[in-house]
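*Asks:* Task: produce atomic coordinates for the following.
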Amino acid sequence: MTGPERPAVDYDAVKRRFAEERDLRLALRPEGRSQFTSDLTGRLARYEVDPYKAEVSDREPIDDEVEILFIGGGFSALLTAARLRQAGFESIRIVEKGGDVGGTWYWNRYPGVACDVIAYDYLPLLDEMGYVPTRHYAEGPEIYGHCRAIAQRYDLYDLAVFQTTVTSTTWNPDEAQWHLTTDRGDHMRARFVICANGTLSKPKLARIEGMETFAGHSFHTSRWDYAYTGADLEHLGDKVVGIIGTGASAVQIVPHLAASAKELYVFQRTPSSIDIKNDWVTDPDWAAQLRPGWQAKRREKAKARPPISAVQVDGAAALSREDKIRRQEMANIDYMMRIHRRIDEIVEDPATADALKPWYMFMCKRPCFHNEYLPSFNRPNVHLVDTHGKGITLIAPGGPVFDGRTYEVDLLIYATGFEVQQTGIYNHIVGTDGIELNDKYRDGIRTLLGVHSNGYPNLFVMGGYQASFNFNLTDVLQAQGDHIAACIEYVRDHGHHTIDATTDAEGWWVEEVVAHRGKTNRNAECTPGYYNFEGETNRRQDGNYNGGFPAYTEHMGRVRNRMADHFTFTPRPADRPRAASDG
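*Replies:* Coordinates of the predicted model:
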């Protein structure tokens, strides 16, 4: 039996259209990443205010010392701290800008927030917590609750400091420890520091002329104002709402706004690819049959399974490199054309359907999965404002302006995303030679495994560049957390005080990163987005390790098996007694 006939596709014509759409956007917004700002100060400061804990808890400045300090309180910190607790470390502090642990899941509480990675894979420490997610794709409140449960289980609230931003992290060579200052006047000292601020943690706004003049109400999606909208958006029944952006957050939010607002205007620069989201409630019989260690086995199985590609067909081994790339491109285009057909099947207005079609290769931008986003545009109160790649560049007191028309709105929501993989987002990190980390990176990022950087002893970075990319981010964070905990345990067990990557090890890893990037022109051929630095040219070392997640974890294991070949170690300063909390 044969399957349904696949519609004929002119692959070269589609590729030309992809290139035209990319070039259009690059010409319209040549400024690249500078078209956004995360400097939310002055009149923009209100877009970063925490709406969930409006009042800052009063406390005296802290002046003390801990052994291990995390900058950030999301999954990076939680799962690494759990491993450190299991290894017997007691003096662990989390310093977090928000009012609780959770990171992304503390800040993102917008309507419809959910994970688009299968929950049984995404939520970490399920074996250790004895927990099974309630849905195939967990929703935000459940994930936030899981974060809090981890912190409680591993006693991470005892020393935690919330509503506090680390502003400087400076290595003191005489004391062989880090000195940290905060926006609350604190002076903390720590032997080990883990930068766990996450890959997407600092909200950014598009630079739009006149946005400060808007007379209505506005906020960023990561600072959802339920006091204005109502807990169930019940206050929006008589409101005209505008949302700028159509990325992952907006895709989840729009259906809820569409069902609640009097009128909704969705301002689109580039459409997302929207695929089916196969979600369901967890089968209690299946959950009851799970045995301890089920998640670890599931993850190992997934890691061992080679990724499916378009060239995994009979005779692929005999193909030339060019033919393999061509087959991959054809399979990619076939997938995107299926996305287009789905839009035509769902969206009733042909012009709106055409505007919602993404013209770029799959994974050029973050893929989205949702079942209600596309049907929302069939509602009479929902209007797509397609800016044809330009984006909104002017906001009047009444609302966004495009093509000579002012769209009068009561509420304007910015779904404009976050800074990506920035290590020192609020924080100046100064190492042994008095060099700030971003100054070291100015001539090219240099790390070992994306975790260590020479000249910054006892400092570990999670979720930064030169680490592996994986769509399920917590796989990478778990691997990094296990590695960091093992390194700190090694230092303790071998009587060392500091660990620092050697320049040779760092150079080896930079070569590994370079060797696995730029094998095709895909990055440059993609439409602008945060995956390709908004279309900016970038050095080959200034990105993720693209050799695959299994290879990345194997590299980590080899490094730990030959510690002396990759790190230098120093003993505890003779004039500094060992603290009771040091492991």
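*Asks:* continuing past the longest helix anywhere in the chain, what's the next helix or strand?
*Replies:* Across the chain, the helix with the greatest residue count (assigned by DSSP state H) is helix 321-346. Remark: after helix 321-346, the chain's next helix or strand is helix 350-355, criterion DSSP states H and E.
*Asks:* helices and strands of this structure: which one has the lowest mean pLDDT?
*Replies:* Within the chain, no helix or strand scores below strand 418-420, which has a mean of 73 by mean pLDDT, DSSP states H and E.
*Asks:* Low-confidence ranges, the stretch 51-200 of the chain, go.
*Replies:* Of all residues in the stretch 51-200 of the chain, those with pLDDT under 70 make up the ranges 199-200.
*Asks:* Mind doing that once more with 90?
*Replies:* Segments of the stretch 51-200 of the chain classed as low confidence (criterion: pLDDT under 90) are 53-57, 197-200.
*Asks:* where exactly do the strands run in the stretch 51-200 of the chain?
*Replies:* Using DSSP state E, counting those that start in this stretch, the strands assigned to the stretch 51-200 of the chain run over residues 63-71, 92-95, 166-172, 177-182, 187-195, 200-203.
*Asks:* Same check on the stretch 301-450 of the chain?
*Replies:* Counting by DSSP E, counting those that start in this stretch, the strands of the stretch 301-450 of the chain are 368-369, 382-386, 394-396, 399-402, 405-406, 411-414, 418-420, 428-430.
*Asks:* Can you check which of these gets nearest to residue 210?
*Replies:* Smallest distance to residue 210 across the strands of the stretch 301-450 of the chain (C-beta to C-beta): 4.5 Å, for strand 394-396. Placement of C-beta: from N, CA and C, glycine included.
*Asks:* What helices and strands are in contact with that closest one?
*Replies:* Under the contact criterion of 3 or more C-beta pairs under 8 Å, 6 or more residues apart in numbering; DSSP states H and E, strand 394-396 touches strand 399-402.
*Asks:* Give the pairing partners of the strand it packs on; include direction for each.
*Replies:* For strand 399-402, the pairing partners within the sheet under DSSP bridges are strand 394-396 (antiparallel), strand 405-406 (antiparallel).
*Asks:* what does that strand rub up against?
*Replies:* Strand 399-402 is contacted from outside by 210, 214, 216, 242, 244, 265, 267, 385, 387, 390, 392, 394-395, 406-409, 412, using C-beta atoms under 8 Å, 6 or more residues apart in numbering.
*Asks:* can you do 10 Å?
*Replies:* Residues external to strand 399-402 that are found in contact with it (C-beta atoms under 10 Å, 6 or more residues apart in numbering): 208-211, 214-216, 218, 240, 242, 244, 265, 267, 385-388, 390-395, 405-412.
*Asks:* Just give the number of residues close to residue 191.
*Replies:* By other C-beta atoms under 10 Å, the residues close to residue 191 number 26.
*Asks:* if we can go back for a sec, lowest average pLDDT across the strands of the stretch 301-450 of the chain?
*Replies:* Comparing mean pLDDT across the strands of the stretch 301-450 of the chain, the lowest value falls on strand 418-420: a mean of 73.
*Asks:* coming back round to it: would you convert the strands of the stretch 301-450 of the chain into JSON lines that also reports distance to residue 253 and mean neighbour count?
*Replies:* As requested, the strands of the stretch 301-450 of the chain are exported to JSON lines (distance: least, C-beta to C-beta, whole Å; neighbours: other C-beta atoms under 10 Å):
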{"stretch": "strand 368-369", "distance to residue 253": "12", "mean neighbour count": "20"}
{"stretch": "strand 382-386", "distance to residue 253": "12", "mean neighbour count": "19"}
{"stretch": "strand 394-396", "distance to residue 253": "19", "mean neighbour count": "17"}
{"stretch": "strand 399-402", "distance to residue 253": "17", "mean neighbour count": "22"}
{"stretch": "strand 405-406", "distance to residue 253": "23", "mean neighbour count": "12"}
{"stretch": "strand 411-414", "distance to residue 253": "7", "mean neighbour count": "24"}
{"stretch": "strand 418-420", "distance to residue 253": "15", "mean neighbour count": "20"}
{"stretch": "strand 428-430", "distance to residue 253": "34", "mean neighbour count": "20"}
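*Asks:* Tell me which of those lies nearest to residue 186.
*Replies:* Between residue 186 and those, the tightest spacing by C-beta to C-beta is seen for strand 428-430, at 15.1 Å.
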